[in-house]
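Participant: give me coordinates for this.
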Amino acid sequence: MPGVRSRWMNHIHTILSSSKRGLGVDEIRMKLFNQMRDPPSARQITSNLKIDKRFQSLGKTIAGSLLRAKSHEVTVFGLTERKYDDVEPYRQR
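Facilitator: Predicted coordinates for the structure are as follows:
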């Protein structure tokens, strides 16, 4: 029986497979809310995607937040087997 981590990592792989661009960690987490009862935090997602060879870090982007006093940087990820533009919005080539 697969563990919880591998289950949500597979969900993320499916999300990025259906996307035509790289997604920020905050966007990935919001999409996981539709599929999971208790999705992982943005920090958990970032640390696990950096380790997994199926994913690549494309860069960073600024994410706004209603709960924070100012915007913050989040990492943008894509799939390793795909090519992406070097600048935002990191569209798939």
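
Participant: rest of the way, CA atoms for contacts and neighbours
Facilitator: Will do.

Participant: next, count neighbours for residue 90.
Facilitator: By the criterion of other C-alpha atoms under 10 Å, residue 90 has 19 neighbours.

Participant: wait, I meant residue 87
Facilitator: 11.

Participant: check residue 18 too.
Facilitator: Residue 18, neighbours per other C-alpha under 10 Å, totals 9.

Participant: which ones are touching it?
Facilitator: Counting by C-alpha atoms under 8 Å, 6 or more residues apart in numbering, residue 18 makes contact with nothing.

Participant: what do you get if the cut-off is 10 Å, keeping everything else the same?
Facilitator: Neighbouring residues of residue 18 by C-alpha atoms under 10 Å, 6 or more residues apart in numbering: residue 12.

Participant: cool, and residue 82?
Facilitator: 17, 20-22, 55-56, 92-93.

Participant: now it, what are its backbone angles?
Facilitator: Phi and psi for residue 82, reported as degrees, to the nearest 10, are phi -110, psi 160.

Participant: ok, now how distant is it from residue 38?
Facilitator: In this structure, residue 82 and residue 38 are 29 Å apart, going by C-alpha to C-alpha, to the nearest Å.

Participant: contact partners of the helix or strand where residue 47 lies?
Facilitator: For residue 47, the enclosing helix or strand under DSSP states H and E is helix 42-51. For helix 42-51, the surrounding residues in contact (C-alpha under 10 Å, 6+ apart) are 5-6, 8-9, 12-13, 24-30, 39-40, 55-57, 74-79.

Participant: make a ChimeraX selection of the buried ones in those.
Facilitator: Entered in ChimeraX, the line below selects the buried ones among the contacts of helix 42-51, by 16 or more other C-alpha atoms under 10 Å:
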select :8,9,12,13,24,25,26,28,29,39,40,55,56,57,74,75,76,77,78,79
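
Participant: among the contacts of helix 42-51, which ones are in helices?
Facilitator: 5-6, 8-9, 12-13, 25-30 (DSSP state H).

Participant: rank the residues you listed by pLDDT and give me only the lowest.
Facilitator: Lowest-confidence member of the ones in helices among the contacts of helix 42-51: residue 5, scoring 70 (pLDDT).
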